[in-house]
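1. Dropping a prediction and its sequence here:
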Amino acid sequence: MADQPLLAADDVHLSFGETRALQGASLQVYAGEIVALMGPSGSGKSSLLHCLAGILAPDAGSVRYGDRDLAQMTDSCRSALRRGEFGFVFQFGQLVPELTCAENVALPLRLAGTRRREAHRKAAVWLERLEVADVAGKRPGQVSGGQGQRVAVARALVTRPKVIFADEPTGALDSLNGELVLKLLVSAVRETGAAVVLVTHEVRVAAYGDREVVVRDGRIRERELAR
Ligand SMILES: Nc1ncnc2c1ncn2[C@@H]1O[C@H](COP(=O)(O)OP(=O)(O)OP(=O)(O)O)[C@@H](O)[C@H]1O
């Protein structure tokens with residue numbers, strides 16, 4: 001494991017009006033590791049994920065990606081970072097309904113300026129990798145929830161990001177489909193070397209992580225999982 005964390009939150013505070021979502025959360029994520037964020041509903045897991053990904057700016061404390069403080073970057077630099085180095089998988093509604101599954105997976109590459117043909121070639125590789133090549137020409141509304149999540153994982157990985165942020169990625173799936181999505185996600189990131197920040201309620205899902213971190217009252221409690 002590298003000495004320097006890839007991503008580090010240091011004493012992060014975040015409030016929504018009167019609600020104190022994060023109250024001094026500190027977390028380090030190293031290259032290639034899968035960190036599972038667990039904890040009760042409302043404890044601050046998603047807020048921490050959003051701060052780590054540069055989607056929300058902390059009221060106090062800092063988030064660093066490598067040697068860069070996200071708060072010191074311009075909005076366009078942060079957007080470029082999110083497009084180029086980060087990938088996202090959420091629980092619902094992340095695929096563009098008007099596009100086919102192949103077009104959805106190719107989209108991040110097209111937005112980054114990759115030519116159509118090359119973007120679709122890479123999309124096909126990732127759809128195959130996630131075992132959903134057969135739905136390439138279908139729209140998200142025409143595929144099952146599990147297939148849709150595997151397409152979403154393919155889309156998150158197609159740019160070969162350094163960090164994947166996954167917020168309850170299997171929360172809407174039955175346990176069998178959830179397991180399949182997780183197994184494919186984990187084997188794909190082991191291959192690409194991406195780190196994963198995985199928010200989940202479920203112990204079974206957290207067990208896919210290298211490390212489990214418990215968020216409680218906007219702070220971190222951490223314990224190592226047996227490998
Ligand atoms: N956009 C928002 N506006 C107002 N309050 C918010 C907002 N987002 C989160 N909160 C509040 O901040 C606190 C932390 O929320 P957060 O979503 O980070 O928790 P969580 O641990 O991810 O919860 P869950 O497991 O239920 O998704 C909660 O009290 C929540 O109600």
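-> Arrived safely, thanks for sending. Just so it is clear, the structure is predicted and the values come from calculations on it, not from any experiment. Numbering: from 1, shown residues only.
2. Show the pLDDT at the most centrally placed residue in the chain.
-> The residue lying closest to the centre of the chain (CA atoms, centre = their mean) is F165, at 1.5 Å. Looking at F165, its pLDDT is 96.
3. ok, now which ones touch S144?
-> S144 is in contact with N177, counting by CB atoms under 8 Å, 6 or more residues apart in numbering. Every C-beta, even on glycine, is put in place using the N, C-alpha and C of the backbone.
4. And the one 5 residues further on, by the same measure?
-> Shown in contact with Q149 (CB under 8 Å, 6+ apart): 89, 169-170, 172-173, 177, 181.
5. So which bits of this structure are right by the ligand?
-> Residues of the chain lying near the ligand by CB under 6 Å from any ligand atom: 16, 19, 21, 39, 41-47, 201.
6. from those residues, which has minimum pLDDT?
-> The member of the residues of the chain next to the ligand with the lowest pLDDT is H201, at 88.
7. Quickly find the element holding that one.
-> Per DSSP states H and E: H201 is located in neither a helix nor a strand.
8. Please tell me I have it right and it contacts S41.
-> Yes - assessed by CB atoms under 8 Å, H201 is found in contact with S41 at 7.4 Å.
9. Show me which of those two is the more surrounded one.
-> Neighbours were counted for H201 and for S41 using other CB atoms under 10 Å; H201 has more, 14 against 6.
10. measure the more buried one to G171 for me?
-> The gap separating H201 from G171 is 7 Å, by CB to CB, to the nearest Å.
11. Residues in contact with the host helix or strand of E212: which ones?
-> Using DSSP H and E, E212 maps to strand 211-216. Here strand 211-216 makes contact (CB under 8 Å, 6+ apart) with 25, 27, 33-40, 43-45, 48, 206, 220-225.
12. Can you go through those residues and name the buried ones?
-> By neighbour count, with 16 or more other CB atoms under 10 Å, these hold 25, 27, 33-39, 43-45, 48, 206, 220 as buried.
13. Where do the strands of this protein begin and end?
-> 7-16, 19-29, 34-38, 60-65, 68-69, 86-89, 163-167, 195-199, 211-216, 219-224 (DSSP state E).
14. want to throw those strands into CSV with distance to A188?
-> Shown next, in CSV, are those (distance: least, CB to CB, whole Å):
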stretch, distance to A188
strand 7-16, 19
strand 19-29, 18
strand 34-38, 11
strand 60-65, 21
strand 68-69, 26
strand 86-89, 10
strand 163-167, 9
strand 195-199, 10
strand 211-216, 19
strand 219-224, 24
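15. What is the end-to-end distance of stretch 203-210?
-> End-to-end distance for stretch 203-210: 13 Å, by CA to CA, to the nearest Å.
16. tell me the angle of the strand holding E212 relative to strand 19-29?
-> 160 degrees (axes from the mean of the first three to the mean of the last three CA atoms, to 10 degrees).
17. buried sites along strand 211-216?
-> Buried residues in strand 211-216 (16+ other CB under 10 Å): 211-215.
18. Could you do stretch 179-195 as well?
-> 179-182, 184-186, 188-189, 194-195.
19. which ones among those are found in helices?
-> The helices, defined by DSSP state H, take in 179-182, 184-186, 188-189 from the buried residues of stretch 179-195.
20. what ranges of the protein fall below the confidence cut-off?
-> Along the chain, the parts satisfying pLDDT under 70 run over 1-2, 93, 222-227.
21. who touches C51 in this structure?
-> 9, 12, 14, 22, 25, 57-58, 63.
22. before we move on, the earlier item: the strand holding E212 pairs with which strands, parallel or anti?
-> strand 34-38 (parallel), strand 219-224 (antiparallel) (DSSP bridges).
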